[in-house]
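Peer 1: structure, please.
(one chain, ligands or ions: 1)
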Amino acid sequence: MIQVKNVSKIFNEGTPKAFTALDDISLHVKKGEVSLLKGISGSGKSTLLSLFAGLYQPSKGEILIDGEAISQYPENFASRFRRNNIGFIFQKFNLISTLTVLENVLLPTLPDDIDKLEEAMELLELFNISSKTNVEVKHLSGGEQQRVAVIRALINDPKLILADEPTANLDQALSIKILDYFEKIINQEKTLVIATHDPLLLEWGNYETCFEMKNGKLL
Ligand SMILES: Nc1ncnc2c1ncn2[C@@H]1O[C@H](COP(=O)(O)OP(=O)(O)OP(=O)(O)O)[C@@H](O)[C@H]1O
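Peer 2: Modelled structure (predicted):
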């Protein structure tokens, strides 16, 4: 599902501020597998997930998602590919603060005019946030926003889910609820990559591979 071949990412390349965030990474995530990406803050986890989703271009190397070189697509193709195939749970949520919870959750369904209202309501119920359905996101707590971000990533039923610290703002009960849901969708043969340093997730045990990063390298 994900093939990464000798990928490096240098921010501000060619300037005095050049910084190598990823240094010659190669890895393979098989279809239907769950992988954890662990490493201390600044080790490069978010940068690598962003490259998987085609949000950044690699400075060197190649990334294939389901055989497609998403990082080489023009942005309009890349965004359509992302919308149809990838659910990204952003560390900082990336919600639109002036829209309601439901409007945020349904955003990925708008371009292709897919009716996902029923699924959205079910997920809002499941993650204990249905009472906020019509509340603007700017009025939500961090943990509430995190759950909205998780639901928005899942709404188009993506085959690849990239989750950046998906439990960072949640208490244990809600984290377990999300892990339970991940377990359920894993059975539907989705591929899941979770960047985390949450001990609960690391102890979860329900993953095939754990990649560890340090200073932009895979250990
Ligand atoms: N757009 C950018 N421009 C310059 N440097 C960047 C940029 N994005 C990330 N970096 C740097 O790359 C390094 C890796 O950042 P990244 O966010 O991938 O780490 P991380 O492992 O996800 O950390 P955390 O656990 O704190 O989220 C950091 O030193 C960061 O400052």
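
Peer 1: how about Ile63, nearest residue that isn't a chain neighbour?
Peer 2: Of all residues beyond its chain neighbours, the one nearest Ile63 is Ser71 (4.9 Å), with distances taken as C-beta to C-beta, 6 or more residues apart in numbering. C-beta here means a position set from N, CA and C on the backbone, and glycine is covered the same way.

Peer 1: ok, Ile114 next?
Peer 2: Distances taken as C-beta to C-beta, 6+ apart put Asn156 closest to Ile114, at 7.2 Å, once the chain neighbours are dropped.

Peer 1: shouldn't the one you found be in contact with Phe81?
Peer 2: No: Asn156 sits out of contact with Phe81 when judged by C-beta atoms under 8 Å, with a separation of 12.0 Å.

Peer 1: show me which residues of the helix ranked longest in the chain are buried.
Peer 2: Ranked by number of residues, the top helix in the chain under DSSP state H is helix 172-186. Within helix 172-186, the residues scored as buried using 16 or more other C-beta atoms under 10 Å are Leu174, Ser175, Lys177, Ile178, Leu179, Tyr181, Phe182, Ile185, Ile186.

Peer 1: show me what contacts the nearest residue to the third one once chain neighbours are set aside?
Peer 2: Going back to what we said before, that points to Lys177. Once flanking residues are discounted, Lys177 sits nearest to Phe127: 6.4 Å by C-beta to C-beta, 6+ apart. Contacts of Phe127 were listed using C-beta atoms under 8 Å, 6 or more residues apart in numbering, and they are Arg147, Val150, Ile151, Leu174, Lys177, Ile178, Tyr181.

Peer 1: so what's the backbone phi/psi at the closest residue to Leu179 other than its chain neighbours?
Peer 2: Here the nearest residue to Leu179 in space, its sequence neighbours aside, is Trp204; by C-beta to C-beta, 6+ apart that works out to 5.7 Å. Backbone torsions for Trp204, taken as degrees, to the nearest 10, come to phi -50, psi -40.

Peer 1: returning to that earlier point: distance of the residue nearest to Lys177 from Leu162?
Peer 2: With distances defined as C-beta to C-beta, to the nearest Å, the gap from Phe127 to Leu162 amounts to 19 Å.

Peer 1: and the protein, which residues reach the ligand?
Peer 2: Within reach of the ligand by C-beta under 6 Å from any ligand atom, the chain has these residues: Phe11, Phe19, Ala21, Gly39, Ser41, Gly42, Ser43, Gly44, Lys45, Ser46, Thr47, Gln91.

Peer 1: got those as TSV, with neighbour count columns?
Peer 2: Formatted as TSV, the entries for the residues of the chain next to the ligand read as follows, by neighbours: other C-beta atoms under 10 Å:
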residue	neighbour count
Phe11	14
Phe19	11
Ala21	20
Gly39	21
Ser41	7
Gly42	13
Ser43	23
Gly44	23
Lys45	26
Ser46	21
Thr47	20
Gln91	17
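
Peer 1: any chance of those residues in TSV, plus secondary structure?
Peer 2: Shown next, in TSV, are the residues of the chain next to the ligand (DSSP: H, G, I helix; E, B strand; the rest coil):
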residue	secondary structure
Phe11	strand
Phe19	strand
Ala21	strand
Gly39	coil
Ser41	coil
Gly42	coil
Ser43	coil
Gly44	coil
Lys45	helix
Ser46	helix
Thr47	helix
Gln91	coil
